[in-house]
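In: Need coordinates for the below:
(one chain, ligands or ions: 2)
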Amino acid sequence: MQWADNMLSYDSLPYHSLSFQKSVQEIIHQEQERVPPFFYDQAEGLRRMAQSDSNRGELNQNRPVRVIAVSSGKGGVGKTNVSVNLAMSLAATGQKVMIMDADLGLANIDVLLGLHPKLNISHVLSGDYDLSEVIIDAPGNIKIIPAASGVSSMASLSDAENAGIINAFGELQNELDVLIIDTAAGIDKSVVSFCRASQEVIVVVCDEPSSITDAYALIKVLNKEQGINRFRILANMAHDMKEGRDLFGKILRVTDRFLDVSLDFLGAIPFDIYLRKAVKKQTAVSQAYPRSPSAQAFSMAAQKINKWPMPKRPGGHLEFFVERLINSN
Ligand SMILES: Nc1ncnc2c1ncn2[C@@H]1O[C@H](COP(=O)(O)OP(=O)(O)O)[C@@H](O)[C@H]1O
Ligand SMILES: [Mg+2]
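Out: Numbers count the residues shown, from 1 in each chain. Ligands and ions are numbered 1, 2, ... in the order given. Model prediction:
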């Protein structure tokens with residue numbers, strides 16, 4: 001592919017060629033041992049929240065909005081960089097894009113972009129501010145809803161607060177085409193809630209056994225416990241496009257064998273020193289080095305996303321969010 005050809009001294013970059021086979025075999029072994037499925041028990045509370053009259057009144061947005069959760073299971077595989085660069089690439093195609101930093105325990109979009117927001121989502125939860133007052137403009141023509149960094153109570157929101165965040169979107173007057181949710185690492189209840197409420201789930205994975213097993217565990221929980229059956233796989237820090245596809249193939253082999261899910265290959269983002277340089281400069285690679293291999297790959301992925309089908313039903317993401325909450329589990 002284009003970016004592979006452009007890569008400067010690509011082969012000399014530090015790169016761990018770990019065997020996928022080991023992690024794939026571990027997954028197969030574990031499944032055959034019949035490890036009990038993960039258990040989640042908050043759907044009931046969320047369903048009650050979503051069904052209450054007060055929550056229903058605000059859901060009147062008529063514009064279809066793509067709501068995309070970016071998740072991975074494992075931390076440090078590139079979720080935040082993926083969220084930000086996909087957002088900017090989508091914005092460059094004329095879409096109105098907003099990112100919600102849902103890594104409530106460890107906010108980092110603002111750090112990545114060198115922003116210093118005064119308000120964050122906790123001010124919405126406390127009832128002191130409207131969501132529209134908290135949203136900030138970021139470079140690359142995108143908007144951000146900052147998370148509350150270091151506020152320990154934000155790390156585990158109650159069902160009511162989770163539903164409160166979702167309902168707060170009813171106050172948004174801005175036109176919006178895409179809402180990207182940058183989730184936390186792990187498979188805790190906030191990650192599951194946001195993925196369940198989103199229309200699309202992008203699973204970021206890289207060529208390491210722990211990333212593959214964590215991605216599989218995430219897909220399994222979201223499928224078995226929440227009925228999510230379509231996932232978009234984005235291979236990050238790939239050596240080349242073939243390696244990204246191979247990684248996708250390995251994950252597909254285990255999910256095909258043990259789960260009833262459909263996986264779609266969104267693409268491969270190369271390991272890119274320019275992305276690292278951009279991170280150090282507190283900018284997004286798509287902005288700082290738009291012709292770098294990773295920026296080009298993000299732009300290709302954004303073009304694919306633009307071709308995904310829109311939700312069949314008219315109505316905004318708010319209705320979609322709530323519908324998912326009501327119908328799940
Ligand atoms: N495509 C890539 N090429 C090179 N380094 C990357 C790439 N993607 C991510 N990284 C590195 O990994 C680090 C963690 O990425 P980040 O987006 O913060 O991950 P997460 O949000 O999943 O924890 C980045 O700071 C960067 O140094
Ligand atoms: Mg992150």
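In: all contacts plus neighbour counts: C-alpha atoms, from now on.
Out: Will do.
In: can you map out the helices along the stretch 101-250 of the chain?
Out: Secondary structure of the stretch 101-250 of the chain (DSSP state H, counting those that start in this stretch): helices located at 109-112, 121-125, 131-134, 159-168, 189-197, 209-226, 241-258.
In: I'd like to know which of the ones you listed is closest to ligand 1.
Out: helix 109-112 (7.7 Å; Cα to the nearest ligand atom).
In: Near the nearest residue to residue 146 once chain neighbours are set aside, how many other residues are there?
Out: In this structure, residue 146 finds its nearest non-sequential neighbour in residue 120, 4.9 Å apart by Cα to Cα, 6 or more residues apart in numbering. Counted with other Cα atoms under 10 Å, residues neighbouring residue 120 total 21.
In: coming back round to it: ranking the helices of the stretch 101-250 of the chain by mean neighbour count, which comes first?
Out: helix 189-197 (a mean of 23; mean count of other Cα atoms under 10 Å).
In: one step back: quick one: residues contacting the residue nearest to residue 146.
Out: 134, 135, 145, 146, 147, 148 (Cα atoms under 8 Å, 6 or more residues apart in numbering).
In: tally of neighbours for the fourth one?
Out: When neighbours are defined as other Cα under 10 Å, residue 146 has 27 of them.
In: just the last one next, same as before
Out: By other Cα under 10 Å, 24 other residues sit near residue 148.
In: what does the third one give?
Out: The tally of other residues near residue 145 (other Cα under 10 Å) stands at 25.
In: any idea how far ligand 1 is from it?
Out: Going from residue 145 to ligand 1 by Cα to the nearest ligand atom, to the nearest Å gives 16 Å.
In: was I right about that residue contacting residue 134?
Out: Yes. Assessed by Cα atoms under 8 Å, residue 145 is found in contact with residue 134 at 6.5 Å.
In: Which residues of the stretch 51-200 of the chain lie near ligand 1?
Out: Contact residues, the stretch 51-200 of the chain versus ligand 1 (Cα under 6 Å from any ligand atom): 75, 76, 77, 78, 79, 80, 81.
In: Please flag which of those sit within helices.
Out: If you go by DSSP state H, these have 79, 80, 81 in helices.
In: Enumerate the residues of the stretch 201-329 of the chain near ligand 1.
Out: So the stretch 201-329 of the chain meets ligand 1 at 236, 237, 269, 270, 271, 272, 273, 275, 276, 279 (Cα under 6 Å from any ligand atom).
In: ok so, going back, per-stretch mean pLDDT over the helices of the stretch 101-250 of the chain, give me the minimum one.
Out: For the helices of the stretch 101-250 of the chain, mean pLDDT drops lowest on helix 159-168, to a mean of 66.
In: residue ranges with poor pLDDT in this protein?
Out: Scanning the chain for pLDDT under 70 picks out 1-22, 32-63, 104-107, 149-174, 311-329.
In: could I get the contacts of residue 120 as a markdown table with distance to residue 218?
Out: As requested, these are arranged in a markdown table below (distance: Cα to Cα, whole Å):
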| residue | distance to residue 218 |
| --- | --- |
| 134 | 30 |
| 135 | 29 |
| 145 | 24 |
| 146 | 24 |
| 147 | 22 |
| 148 | 24 |
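In: Grab the two from the residues you listed that are most spread out in space.
Out: 135 and 148 (12.7 Å; Cα to Cα).
In: Most neighbours among the residues of the stretch 51-200 of the chain next to ligand 1, which one is it?
Out: Neighbour counts for these peak at residue 79, which has 27 neighbours (criterion: other Cα under 10 Å).
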